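Peer 1: sharing a sequence plus its predicted fold:
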Amino acid sequence: MHHLPHSFFIHDDVVSIARLLVGKIIWTSIDGQITSGRIVETEAYRGRDDKGCHSFIHGKTTKTKAMFDRGGVSYVYICYGIHKMINIVTNQKEQADAVLIRAIQPLEGESIMERRRGKAFKKYHLSGGPGKVCQCLGITMAHNNIDLSSSNSPVQILDDHHTPVELIATPRVGMSRRVGDYSNKPWRFYEKDNAFVSRPLTVHYPWD
């Protein structure tokens, strides 16, 4: 097993990276507790033209600043004022692409994850959904804009050469009418038949 190098993330095709990240491992060491999970679901967000992407919508702000850093750092934000969500920044500096981690399959510390979630949830009820991912792994806003390729980081992305048997591509979850023709871009990827993938499994937006 090894850390994914910065070169993995410095690529101008965020959609390709979102596909390749399925099967990789996200690992955390937070408050003295080790947890990890295999990434089983991702979504791609492209800064230059994607109407669903924070950096395209808002530009470079205090909140989105991490997205404009070089590939391989984290971008953590709060959704609806409640849920923390972790993205992996990709591409060169100022390009502001990112991949959202939507679901993980627990590997290490499942009992810790259950305690953090407040209940012994099973399958996708435990870690299927981006807010659940951060809760399970102990990720907070303190982990925004950190180097995910460093062995000294509390959050790391690792590769044990696992390859998913088959990936499904669908539109991203939670798109709104303002996203228009970007709503149904097939930029969400998940491992077929994996019980930890978030719901719904398929979406389609009628306005596109």
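Peer 2: Received, thanks.

Peer 1: from here on, contacts and neighbour counts on C-alpha atoms
Peer 2: Noted.

Peer 1: pLDDT score for the spatially most central residue of the chain?
Peer 2: Central residue of the chain (CA atoms, centre = their mean): residue 101, 1.6 Å from the mean position. Predicted confidence (pLDDT) at residue 101: the value is 98.

Peer 1: secondary structure element for it?
Peer 2: Residue 101 belongs to strand 97-108 when assigned by DSSP states H and E.

Peer 1: C-terminal to that strand, what's the next element?
Peer 2: The element immediately downstream of strand 97-108 (helix or strand, assigned by DSSP H and E) is helix 110-117.

Peer 1: give me the distance from that next one to the chain's centre.
Peer 2: Remark: helix 110-117 is offset 19 Å from the chain centroid, using CA atoms, centre = their mean, to the nearest Å.

Peer 1: go on, stretch 173-193?
Peer 2: 14 Å.

Peer 1: buried sites along that stretch?
Peer 2: Of all the residues in stretch 173-193, those buried under the rule 16 or more other CA atoms under 10 Å are 173, 175, 179-180, 182-184, 187-192.

Peer 1: ends of it, what's the gap?
Peer 2: With CA to CA, to the nearest Å as the measure, the ends of stretch 173-193 fall 18 Å from one another.

Peer 1: which residues of the chain fall in strands?
Peer 2: Taking DSSP state E, the strands of the chain run over residues 2-3, 25-30, 33-45, 74-79, 83-90, 97-108, 155-159, 167-170, 188-191.

Peer 1: identify each buried residue in the fifth one, please.
Peer 2: Right, strand 83-90. For strand 83-90, burial by neighbour count (16+ other CA under 10 Å) applies to 84, 85, 86, 87, 88, 89, 90.

Peer 1: can I get those in a markdown table with pLDDT and distance to residue 123?
Peer 2: Conversion of the buried residues of strand 83-90 to a markdown table gives the following (pLDDT from 0 to 100; distance: CA to CA, whole Å):
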| residue | pLDDT | distance to residue 123 |
| --- | --- | --- |
| 84 | 97 | 20 |
| 85 | 98 | 19 |
| 86 | 98 | 20 |
| 87 | 98 | 22 |
| 88 | 98 | 23 |
| 89 | 98 | 27 |
| 90 | 98 | 29 |
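
Peer 1: can I get those in TSV with distance to residue 147?
Peer 2: As requested, the buried residues of strand 83-90 are exported to TSV (distance: CA to CA, whole Å):
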residue	distance to residue 147
84	18
85	16
86	13
87	12
88	10
89	10
90	12
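
Peer 1: ok, the residues you listed vs residue 161, which is closest?
Peer 2: Among those, residue 88 lies closest to residue 161 (CA to CA), at 19.0 Å.

Peer 1: is that closest one in a bridge, and if so with what?
Peer 2: On the basis of DSSP bridges, residue 88 is bridged to residue 74, residue 99.

Peer 1: what's the spacing between the residue nearest to residue 58 when sequence neighbours are not counted and residue 24?
Peer 2: In space, and not counting its chain neighbours, residue 58 is closest to residue 64: 7.8 Å by CA to CA, 6 or more residues apart in numbering. According to CA to CA, residue 64 and residue 24 sit 25 Å apart.

Peer 1: any regions of the protein where pLDDT drops low?
Peer 2: Judged against pLDDT under 70, the chain has no low-scoring part.

Peer 1: quick one on the thing from earlier: check the offset of the strand holding residue 101 from the chain's centre.
Peer 2: Its chain's average C-alpha position is 5 Å from that of strand 97-108, according to CA atoms, centre = their mean.
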